[in-house]
Structure formats: C-alpha cells, structure tokens
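Peer 1: Kindly return the folded structure for what I paste below:
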Amino acid sequence: MSEHHDTAQGAITPMAPSTLQGSPSGTDVTTTRANSTRSSVSNETKEKETAVIELEPRATLPDPHGSDLSRKIRHRYASTYRKIFTVIFTVNLAVFLAFLIKDRGNPNSREVGSAASANLLVSILFRQEEFVNLVYEIFTHAPHSWPVSIRKRLAKVFHYGGCHSGAGTAAVVWYLLYTVLATKEYIEDSQVDTLINIITSYIVITMFIVILTAAHPKLRIKYHDYFEAFHRFAGWTALLAFWTHNIASANVTARQWQQSIGYVLIRSPNFWFIILSTSCTIASWSRLRHPEVYPEKMSDHATRLHFKYRKMQPFYGVKISDKPLTEWHAFATIPDVDPESGKINGFSVVVSNAGDWTKKQISKPNQRKLWVRGAPLHGLLYTSRLFKRIVVVATGSGIGPCLSLLFADVTPRRVLWSTRTPEKTYGPRVINEVLRADPKAVIWDTTAKGYPDIVAETWQLVHELDAEAVFIISNPKVTEKVVFGMQSRGIAAYGAIFDS
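Peer 2: Numbers count the residues shown, from 1 in each chain. Predicted coordinates:
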C-alpha cells in the first residue's frame, strides 16, 4: 500500500520497535505500554499527550487441560486431517464389503473400476481451485451468532487435504484390486482387447504407486522438488493411460454385451468420472500466465514482488514459478492500491530467504517475468472471518500472508510479530501496515531482545482482547508450539499444516 493510501486510511507513523514490545513473560506483573501522540503548543499538554500510560495487568498463563497423553492424542495425533482421511477410508471399506456381500465374494471388476474412478475424481476436485474456493465459501458463511464450538470446527476446512490424500489412497487400493480382477479375466479370456486393458492397467497402477510413495510426508518434505516432479509427470502419464484403459475396457465390455463402444461409454460411470477429472486438470493449466513482475527489494533477506496484470482481493494465494514444468511455490497475496484513486490495481507477495529459489528472487532486483498458474486460491487465514475477535501471530516473513488479512480489516484483531530487526529487514512500509491494522501491535525485535515466550505473549493478547481464536503463520516448529499451547488451554488456534 502506498503512503498516500495509508494516510487516507488513518495510518499510524511507525514507532520504534522497542515501544511496541511486550515485557518478557513468565511472571504475573504489571506492564506499561506507552503510546506516543501528537504534541500541542502548551508544554503541559504536550507532556500529558506524550506520556499516556495504560496499565495492563499481565495474564498468568494457565496450566494446560488434561493429562500430557490426552493432550497429545487430542491435539496432535487426532488431527482433523487424519480424521477426514480415516472417514473416507472407512466409507470405502464399507463399499468394498457391500460389493463382497452382493457378489458373494467375487466383486465385479467394472464396479471396482468405477469406485477407483470416483475416488480419483474426489482427489482431483480437492486440488481444483474453484472447487476448493467454493468449499471455503460454504464453511465460512456461518454467522457469528452460531456457538463458537461449531465455528471453530468449521474453521478447520483448511484440512481439506485429508480429502485429497484419503480419496487418492483409496483410489490406488481400488485400482490395485481392479488390476488383480482384470488379470484374472485375461487369464480366462485371452483376447487382444483384454490384453490392452491389462497393459494400461499396469501402467496406471505403477504411476499411482509412484505418486503415493512420493507423497509420504517425510519424503515430501525432504525431497520437495522431486515430489512435485513425480506427482506432476506421473499424474499426467496416469491420466493418459487411464483414458486408453477406459477405451480398452469399454471395448471389452462392448464385445461381451454385443453393443457398440459408444453405447457402453455413455453408460459407464468411469467415462464421466475421467471427463470431469481431465477437465479439472486442463482448467488449472489453461490459466497459465507469464506476467511482468516489479520487485521491491526490502533487504538482503526479503523482497516484495508486485504484479499488475490483475486485481486481487484479500485472502487469496497464487502459485509462482520460473520453471513451470518442474516446481511451483505458493504465496499469499497482498492487494496493491493505487495512491491516487485508492483502488486496488494489482497485488504483491513477500518473499523471504528460505531456500535456493527464494534467494534467487531476492537477488534479482530488475523487472522480469514469472509464471503464474491456476485461479487464486483461498487459504487458512480466510477462515478468520468466522470469529468475532482474533489474535494474529507471525514470525519473520510470516507477516507477509498476514498483511492480506490486515488489509481486509474484517475482524477485530491484535497482532504479535516476532522478527529480527523488523524495520531494517522489511522496511517502514510493512511496519506501517501492521500498525494501521493494530496500533498496539506487539512487534518483537529478536535481535534486541532475544526470542519471546511466544505462547505466553500470545495468551496475553488473547486475554486483552477476549479473542475467540488465534491464527499463526510461522515455521512448522513454532506453529505447532503455539497451536498446541492455545488448544490445550481451550482457545481455538490455527496454523498452516504441511498439506494446507
């Protein structure tokens, strides 16, 4: 946002970070926070205005609820992601048992194939931008009059990755069973069309196993670039093989039914499932763009990339790349505002040094082009609309995604941002945007004061605002610490998961 826009919206001139930092936690003491104000002509008035003291008692961090074991099971192991995965797999198991009972222990290969295709479609739908955005819209439209116990569960919609992985894993199991049944049928009826069906089935199942293996969380995190390559190229190969297999399978059925292949296809659930799955894939790649990028280098650690090819409302993210076939990087967007009209005229993303790709972007201050794919996608912070009051916690460049939420100005909030030399690293403009959203924001300079007790500091802001929920954008370790620390004390807390 420009300085003109900030002033128009009542921006606050950034104070020195030391005036915004909370006291070290751990004791029940009284904290003083001074807010600087404009000076007047009179020295007496000036003295009063520049020394406004607010006494805010420190909130004692309560003990977590329950035993250590019960807390771990409830808030770590029994995550919503795993629950969704388990439900989907249980439903598929029930369908499989129904097939066994109906067909007296010998399931029909066509029905098994349809079950595989249905799960594949569900898995792909939960990676299709418009569908995911629709799911977010449905879940976040609950009114504030609903009990917080319901709203805090709806806010976990960002765990939708459990649907993708659960249905995808089920599709692999179903297709493995189909391949076994199809092999058995080939042994009993060794025709050319049956052989083609078998060959394509083995290609598909091989690609599925490659995708499933590469998607294991530990392998995915350790070899992320390879995971993307396996997932993309194996997926495309499987999709092409699946089309060939679908035609070959329909040809076998047409011969057995003594009907045309067209007659079989239009009556085959597989055919329609594969059409929808292919359409979802094409829809994403058909929106591949190569727009101009205007870098704004903040420091050697961070840069802000500005895009002008389209307007962007708050609460969206985009995928960016310089090598569109091999790697993509997701970023939350921040609306850019024209300084004269005050209207949104583009968007930007904050990139911090977190690897080879981000380091390369920071080192290039010149105008250039980058690839952008798919439609803008809602993310975790969009669910903040479900709550009346929230606390936003960020560490380092995690403030980038939060700037979109702060710009939206939808939900009353307090902000805690812990980072090293904030003004030097991210510039006064970012500080201004944080302070505009929360004039009493706690901006903790870790270079000057060391790392805060982030759970206790977060609890203090929850206490001051009487917040219903906490949202944190940080690295996995700190995210888990804050989310667990809040949830185990009865406060709804949300942070990005590996598949959100």
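Peer 1: Let me see the contact set for Lys253.
Peer 2: Careful, residue 253 is Thr and not Lys. Residues near Thr253 by CB atoms under 8 Å, 6 or more residues apart in numbering: 110, 264, 268. For the C-beta atoms, the positions are set from N, CA and C on the backbone; glycine is no exception.
Peer 1: what's the answer for Arg413, then?
Peer 2: By CB under 8 Å, 6+ apart, the contact list for Arg413 reads 384, 389-392, 405-406, 437-438, 465, 467.
Peer 1: just the contacts of Thr253 now: which is nearest Asn197?
Peer 2: Minimum distance to Asn197 across the contacts of Thr253 is 11.4 Å, recorded for Arg110 (CB to CB).
Peer 1: Poorly predicted segments of this structure, please.
Peer 2: Of all residues in the chain, those with pLDDT under 70 make up the ranges 1-56, 498-500.
Peer 1: Kindly list the longest strand within it.
Peer 2: strand 344-352 (DSSP state E).
Peer 1: Against which helices or strands is that one packed?
Peer 2: Packing contacts for strand 344-352, counted by 3 or more CB pairs under 8 Å, 6 or more residues apart in numbering; DSSP states H and E, involve strand 302-307, strand 317-321, strand 329-332, strand 334-337, helix 356-362, helix 399-408.
Peer 1: for the ones you listed, which one sits closest to Tyr178?
Peer 2: Set against Tyr178 and scored by CB to CB, the helices and strands packed on strand 344-352 come closest in strand 317-321, at 32.7 Å.
Peer 1: how distant is the closest one from the center of its chain?
Peer 2: Centroid displacement of strand 317-321 relative to its chain, using CA atoms, centre = their mean, to the nearest Å, is 12 Å.
Peer 1: Tell me the strands beside it, with direction?
Peer 2: Using DSSP bridges, the strands paired with strand 317-321 in its sheet are strand 329-332 (antiparallel), strand 371-377 (antiparallel).
Peer 1: could the helices and strands packed on strand 344-352 go into JSON lines alongside mean neighbour count?
Peer 2: Conversion of the helices and strands packed on strand 344-352 to JSON lines gives the following (neighbours: other CB atoms under 10 Å):
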{"stretch": "strand 302-307", "mean neighbour count": "21"}
{"stretch": "strand 317-321", "mean neighbour count": "20"}
{"stretch": "strand 329-332", "mean neighbour count": "19"}
{"stretch": "strand 334-337", "mean neighbour count": "22"}
{"stretch": "helix 356-362", "mean neighbour count": "16"}
{"stretch": "helix 399-408", "mean neighbour count": "24"}
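Peer 1: Using TSV, lay out the ones you listed together with distance to Tyr160.
Peer 2: Formatted as TSV, those follow (distance: least, CB to CB, whole Å):
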stretch	distance to Tyr160
strand 302-307	26
strand 317-321	14
strand 329-332	15
strand 334-337	24
helix 356-362	26
helix 399-408	18
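Peer 1: Asn92 is nearest to which of the ones you listed?
Peer 2: Of the helices and strands packed on strand 344-352, nearest to Asn92 by CB to CB is strand 329-332, at 29.0 Å.
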